[in-house]
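1. I'll drop the sequence and a predicted model, then ask my questions.
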Amino acid sequence: MIRVKRIYEAPAADDGYRVLVDRLWPRGVSTARADIDLWLKEVAPSTELRRWFHQDAAAEEELFDAFRARYEDELATNPAVGTLRELVRAHPVVTLLVGARDPELNHGKVLEEYLEHLS
């Protein structure tokens, strides 16, 4: 099972294996508070794609479908996806942690759906 959770939410016992999937460390979160098992920043969107998507916070909802398509294109050739797939096979629950403000319109959700589609 794959879940997506904001890194700013408190860790929970049912989170399973916790993987931070952001390229940048989230502001204001200590390593102790993050309580992560792995920081897999290589699976995050490229810097260019992240900047493009976040260029106008008011337009993120309109841009999300285009962001999803571009990020999925990046994932198709990203070797870090294989690492994440192995973790999903090895653990009953894997929680993908993101620093995004929006719990629905973020790369973690795209990554979750992408991994489930590969299964």
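-> Great, that's in hand.

2. in the protein, which spans are strands?
-> Under the criterion DSSP state E, the chain contains strands at 2-6, 17-20, 38-39, 94-98.

3. what about the nearest residue to L105 once chain neighbours are set aside, neighbour count?
-> The spatially closest residue to L105, leaving aside those adjacent along the chain, is F64, at 5.0 Å (CB to CB, 6 or more residues apart in numbering). Glycine gets a C-beta too; all of them are placed from N, C-alpha and C. When neighbours are defined as other CB atoms under 10 Å, F64 has 17 of them.

4. go on, the one 4 residues further on?
-> Neighbours of R68 under the rule other CB under 10 Å: 17.

5. for I7, see how far away the residue sitting nearest the centre point of the chain is.
-> What sits nearest the mean C-alpha location of the chain, by CA atoms, centre = their mean, is G108, with 3.1 Å. Using CB to CB, to the nearest Å, we find G108 at a distance of 10 Å from I7.

6. so where's this protein uncertain?
-> Along the chain, the model assigns pLDDT under 70 to no residue.

7. what touches both of G108 and I7?
-> L97, V98 (CB atoms under 8 Å, 6 or more residues apart in numbering).

8. before we move on, the earlier item: give the contact list for the residue nearest to the centre of the chain.
-> Contacts of G108 (CB under 8 Å, 6+ apart): V4, K5, V21, L96, L97, V98, A100.

9. swap the cut-off to 10 Å and go again
-> By CB atoms under 10 Å, 6 or more residues apart in numbering, the contact list for G108 reads 2-7, 19-22, 44, 95-100.

10. in PyMOL, select just the buried ones from these.
-> Restricted to buried positions by 16 or more other CB atoms under 10 Å, the PyMOL selection for these reads:
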select buried, resi 2+3+4+5+7+19+20+21+22+44+95+96+97+98+99+100
